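Novice: Structural data only, the sequence is not supplied:
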């Protein structure tokens with residue numbers, strides 16, 4: 001009975017398109033009395049069958065298929081595959097995410113897919129709107145790095161489900177740990193642990209932590225605490241989160257000064273600092289006190305965007321940003337390319353960051 005209803009609905013959908021030539025998803029949903037997510041699923045299946053062509057926000061009847069001799073052929077002689085579009089939602093086009101985007105684009109280009117990007121600028125209220133816009137643009141599937149923390153809010157997950165499109169989360173995980181949701185994420189706890197472990201191997205019994213209120217802060221704090229416990233470090237080293245003040249502001253300077261004072265007063269001579277910007281500013285505030293890295297305070301930065309450019313090149317933890325984008329695009333394209341997408345198992349992938357040794361921690365690479 002269900003199959004018959006689906007067939008009837010899709011035949012009526014095609015009838016509406018025959019009568020008008022093309023309609024938007026919103027109009028089709030109203031005429032058929034179903035959700036827009038249902039319409040999008042029907043359009044995707046009918047497009048795969050060659051019955052129609054999806055366009056931005058809707059669909060139009062497909063033109064008659066050319067004969068085999070007239071179909072576009074790739075350089076290798078095989079028939080060209082239909083283009084797939086990956087809708088990519090990221091919080092920012094600067095700092096962390098350009099390398100993620102580059103990884104997505106590299107895989108998409110290699111597999112004859114295009115990428116459409118939308119930016120949220122860390123305003124969570126725009127999540128639903130941006131997701132809807134990407135779905136309406138004709139995206140075949142979605143890659144999503146929502147603003148906020150690394151746990152995706154249930155509301156945003158619900159918005160993704162409503163689109164009816166397959167999706168993969170980038171550097172995010174569902175709030176519900178049992179949600180059947182695909183994601184590719186950096187294990188930032190492992191990154192923090194590796195940094196502290198390296199400083200311990202250099203002879204430090206206490207390691208402080210400075211974070212800047214970013215979505216990554218809580219994971220770095222968890223990794224730092226795990227290292228303190230598992231490596232049996234002395235307790236009492238400063239753990240300070242600055243709350244994300246404006247870089248270069250009086251408030252930011254006061255946070256760096258407080259951190260330095262607490263480290264010096266507590267006999268702490270090593271610290272993990274997130275981010276590169278903060279580590280560089282921290283070193284500048286240290287110099288005003290005639291303190292230097294690594295002699296007075298060994299430093300490891302977290303992010304490795306500009307760490308190598310510091311006056312004393314910063315040892316840094318580098319999340320695998322490019323590889324995150326690559327793997328997420330592969331997961332989504334694998335599902336889109338499967339004859340039965342539901343037969344592909346749900347995959348959840350963690351990737352460990354890399355620690356790059358430079359001068360700021362008190363040891364050189366290879367020493």
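Specialist: That came in fine, so what should we check first? Remember, it's a predicted structure, so these values are computed and weren't measured experimentally. Numbers count the residues shown, from 1 in each chain.
Novice: So for residue 291, what's the pLDDT?
Specialist: pLDDT for residue 291: 98.
Novice: likewise the one 10 residues further on?
Specialist: Residue 301 carries a pLDDT value of 98.
Novice: That one touches residue 317, doesn't it?
Specialist: Yes. Between residue 301 and residue 317 a contact is recorded at 7.4 Å, counting by CB atoms under 8 Å. Yep, even glycine has a C-beta here, placed from its N, CA and C like the rest.
Novice: Looking at these two, which is more packed in?
Specialist: Taking neighbours as other CB atoms under 10 Å, residue 301 and residue 317 compare with residue 301 leading, 34 against 28.
Novice: Helix, strand, or coil at the more buried one?
Specialist: strand (DSSP: H, G, I helix; E, B strand; the rest coil).
Novice: What residues does it make contact with?
Specialist: 273-276, 278-280, 307, 310, 314-317, 360 (CB atoms under 8 Å, 6 or more residues apart in numbering).
Novice: Scan these and report the most crowded one.
Specialist: Compared across the contacts of residue 301, residue 273 has the highest neighbour count, 32 neighbours, by other CB under 10 Å.
Novice: is that residue in a bridge, and if so with what?
Specialist: Under DSSP bridges, the beta-bridge partners of residue 273 are residue 210, residue 301.
Novice: about what we covered before: and the contacts of residue 301, which is closest to residue 26?
Specialist: Closest approach between these and residue 26, by CB to CB: residue 275, at 42.0 Å.
Novice: Tell me the pLDDT of that closest one.
Specialist: The model reports residue 275 with a pLDDT of 94.
Novice: pretty sure it contacts residue 212?
Specialist: Yes. Counting by CB under 8 Å, residue 275 touches residue 212, with 6.0 Å between them.
Novice: List the backbone torsions phi and psi for residue 352.
Specialist: With angles defined as degrees, to the nearest 10, residue 352 shows backbone torsions of phi -90, psi 140.
Novice: nearest residue to it other than its sequence neighbours?
Specialist: Distances taken as CB to CB, 6 or more residues apart in numbering place residue 190 nearest to residue 352, at 4.8 Å, with adjacent residues excluded.
Novice: could you give the mean pLDDT of the one helix or strand the one you found maps to?
Specialist: Following DSSP states H and E, one finds residue 190 within helix 188-201. Averaging pLDDT along helix 188-201 yields 97.
Novice: average pLDDT for stretch 94-109?
Specialist: Across stretch 94-109, the average pLDDT comes to 89.
Novice: hang on, the earlier thing: counting neighbours, which bits of the helix holding residue 190 end up buried?
Specialist: 188, 189, 190, 191, 192, 193, 194, 195, 196, 198, 199, 200 (16 or more other CB atoms under 10 Å).
Novice: Now distance to residue 251 too, for those, in a markdown table please.
Specialist: Output for the buried residues of helix 188-201, formatted as a markdown table (distance: CB to CB, whole Å):
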| residue | distance to residue 251 |
| --- | --- |
| 188 | 25 |
| 189 | 28 |
| 190 | 31 |
| 191 | 27 |
| 192 | 25 |
| 193 | 30 |
| 194 | 31 |
| 195 | 26 |
| 196 | 27 |
| 198 | 31 |
| 199 | 28 |
| 200 | 32 |
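Novice: Looking at those residues, which is nearest residue 328?
Specialist: Residue 328 has its nearest neighbour among those in residue 188, at 16.5 Å by CB to CB.
Novice: tally of neighbours for residue 272?
Specialist: Using other CB under 10 Å, residue 272 has 31 neighbouring residues.
Novice: what distance separates stretch 180-194 from the middle of the whole chain?
Specialist: Taking CA atoms, centre = their mean, to the nearest Å, one finds the center of stretch 180-194 at 11 Å from the center of the full chain.
Novice: now the end-to-end length of it.
Specialist: 30 Å (CA to CA, to the nearest Å).
Novice: moving C-terminal of the helix or strand of the chain with the lowest mean pLDDT, what's the next helix or strand?
Specialist: Least confident helix or strand of the chain, by mean pLDDT, DSSP states H and E, is strand 58-61 with a mean of 60. Using DSSP H and E, the helix or strand that follows strand 58-61 towards the C-terminus is strand 84-90.
Novice: tell me what that following strand is packed against?
Specialist: Judged by 3 or more CB pairs under 8 Å, 6 or more residues apart in numbering; DSSP states H and E, the packing partners of strand 84-90 are helix 97-110, strand 113-119, helix 127-136, strand 141-144, helix 321-337.
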